[in-house]
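**Student:** Have a look; sequence and predicted model below, questions after that.
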Amino acid sequence: IHGNQIIKLNQLEVLYLDNNQLTSTLPAEIGEMQKLLRLRVDSNKLEGTLPDSISRLTSLQDLEVSFNQMTGTIPPEYASLTALKILSLSDNGLTGSLGLNMQKMKDLEVLKLHENSFTGAVDSSICKLVQDSKLNELTADCFDSKPVKCDCCTQCY
């Protein structure tokens, strides 16, 4: 995915590139696609970090990056993606804590975080979304002696 080409698609609302054996990284320029509602790049061979520029996609409803080789942490700027309904980051090499404050993500319905290397406790703002019955699928590596503590996950791996 070349950044200088992708920014030419600035009117695009849906970009599904899943299951294409794509390699390389997600370009920072993806954050210039202001009308993007759905971005699916799952089940590829993408690596590198999650671009914080994605946080500029204020209308984004669906971000699926699962089953890649992404590393690093979830950018704290992602907490500003208030239109998100689906955030799927499972099956990567992501690290860091799950202390991301998501209290503004009131429309979030699916949050998949399992099969990564996260540690610590899931933030209480995420559990509040589960309690308010909006977030109906929350997965993490919290089964038995796994490194994540989650009292509100709908499924532990």
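**Tutor:** Yep, that arrived. Residues are numbered from 1 along each chain as shown.
**Student:** From here on, just use CA atoms for contacts and neighbour counts.
**Tutor:** Will do.
**Student:** what's the offset of the longest helix seen in the chain from the middle of its chain?
**Tutor:** In the chain, assigned by DSSP state H, the helix with the most residues is helix 124-131. Mean-position distance between helix 124-131 and its chain equals 17 Å (Cα atoms, centre = their mean, to the nearest Å).
**Student:** immediately after it, which helix or strand?
**Tutor:** Toward the C-terminus, helix 124-131 is succeeded by strand 137-140 as the next helix or strand (DSSP states H and E).
**Student:** Just give the strands next to that following strand in its sheet, each with its orientation.
**Tutor:** strand 110-112 (parallel), strand 155-156 (parallel) (DSSP bridges).
**Student:** picking up where we left off before, buried residues, the longest helix of the chain. List them.
**Tutor:** 124-130 (16 or more other Cα atoms under 10 Å).
**Student:** swap in stretch 49-59?
**Tutor:** Here stretch 49-59 shows 49-51, 53-59 as buried, counting by 16+ other Cα under 10 Å.
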